[in-house]
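Chemist: let me see the structure of the following:
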Amino acid sequence: MKDFFLLCIILLTAAYSQESGCELSFLDIGAGARPRALGNAFVAIADDANAVFWNPAGISSLKGVQITGMHSSLFFGTKYDYLAVAAPLKRIYTDDAEGYRYGLGFAYIRASTGDIPLTQQGSDTIPGTNYPEIVYNGSASFTSNTGIVSLGTQFFNHLNLALLSRMNYIKLANFTGFGVNLGIATLMAITRIGVDNDADIRGNVFKIGVTFQDILPLKLNWSNDFKEKVLPTANLGGSFEFRKKILITGCLKQTLASGHHPGYGLGLEWKPAQVLPIRFGIEDKNFSTGAGFLSRRISLDYTIYIHQELPLSHYLSIGFRL
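Modeler: A predicted model of the protein is given here:
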């Protein structure tokens, strides 16, 4: 355990060594219709396969293997797809349903859009103005592929930690970029006993989650020999669940470089019936709402995202518990 904490300290120190660079903003869309409906404030929930993306420290607390996928048709013809698999490893070796100590997760995210106009400034001005003419040179496409591998473990009874590796492959027009980086995550659950001693049944649970992404001073390497720093980010959140009926969650997100302002997310999930959750969220002044259907083995989630300046976005997810 000492070696694990030492590694975390080293990685955190490296996170603050870079001050300028790029952000992988396409990943701000998030992963999963349920987190999207909750304002993407999922770092302190992490109780299903979406934890692979949001906070892999939660994987080791899952009760079995889970698979989830999402498809979304975004604005301007952009397609966004996501698939994640999360498994508590100890289930492979024993049929005991309690005491999972490790968790392994995989996720794949793909974003793509086409018909991006390629333009450049011409040598003449637009007739009757002082503005330079714009010359169109056809169109191009953008594709981003991101893979995540995470390994988590549980210390004590209520503290989970995880390491994750994220690989990014980006293609824009005729250029490609590739980069690999690391992240760390933690999730702590504080249980206040309710009617029953089993918090999974009746207890009230408060969670705190923290993640640090892209914490090494590594770069995105482009095919034209350009190297671009990827800025590290931090996400701090808290959630409170009351009697498995009401879930309140919130988070703060910060790029760890000067000149960047924090973002926030807030969410509410209410279950008038255990099989029918209704959700509301806000992220940086943009609203979302959605609903789901839960059964023992399958979950379906749908979300509408209302951006202040962009058209409506629709998210659809399906999940399986094995």
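
Chemist: my guess is Phe212 contacts Thr186. True?
Modeler: No. Look at Phe212 against Thr186 with CB atoms under 8 Å: they stay out of range, at 9.3 Å. Any C-beta I mention is one placed from the backbone N, CA and C, and that applies to glycine too.

Chemist: what's near enough to touch the closest residue to Gln213 other than its chain neighbours?
Modeler: Of all residues not flanking Gln213 in the chain, Gly183 sits nearest, at 4.3 Å (CB to CB, 6 or more residues apart in numbering). Residues counted as contacts of Gly183 (CB atoms under 8 Å, 6 or more residues apart in numbering) are 163-166, 211-215.

Chemist: try 6 Å
Modeler: 164, 212-213 (CB atoms under 6 Å, 6 or more residues apart in numbering).

Chemist: and it, what pLDDT?
Modeler: Listed pLDDT for Gly183 reads 91.

Chemist: name every strand pairing with the helix or strand in which it is found and say which way it goes.
Modeler: Using DSSP states H and E, Gly183 maps to strand 175-192. Paired with strand 175-192 in the same sheet, following DSSP bridges, are strand 159-172 (antiparallel), strand 204-213 (antiparallel), strand 219-222 (antiparallel).

Chemist: ok, back up a step: buried among the contacts of Gly183? Need that as a selection in ChimeraX.
Modeler: In ChimeraX syntax, the buried subset of these is picked out as below (16 or more other CB atoms under 10 Å):
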select :164,212,213
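
Chemist: who's Pro132 bridged to?
Modeler: Assigned bridge partners for Pro132, using DSSP bridges, are Thr125.

Chemist: ok, it to Gln121 distance?
Modeler: Distance from Pro132 to Gln121, counting by CB to CB, to the nearest Å: 5 Å.

Chemist: in the stretch 201-322 of the chain, what spans have low per-residue confidence?
Modeler: 201-203 (pLDDT under 70).

Chemist: show me where it has helices.
Modeler: Counting by DSSP state H, counting those that start in this stretch, no segments of the stretch 201-322 of the chain form helices.

Chemist: on that earlier part again, which one's more surrounded, Pro132 and Gln121?
Modeler: Pro132 (13 against 10; other CB atoms under 10 Å).

Chemist: next, count neighbours for Ala49.
Modeler: 30.

Chemist: settle this for me: it is touching Ala86, isn't it.
Modeler: Yes. At 4.3 Å, Ala49 counts as touching Ala86 under the criterion of CB atoms under 6 Å.

Chemist: need the overlap of contacts for those two.
Modeler: Counting by CB under 6 Å, 6+ apart, the residues touching both Ala49 and Ala86 are Gln66.

Chemist: can you give me the strands for the stretch 51-200 of the chain?
Modeler: With strands called from DSSP state E, counting those that start in this stretch, the stretch 51-200 of the chain shows them at 66-73, 79-88, 102-125, 132-155, 159-172, 175-192.
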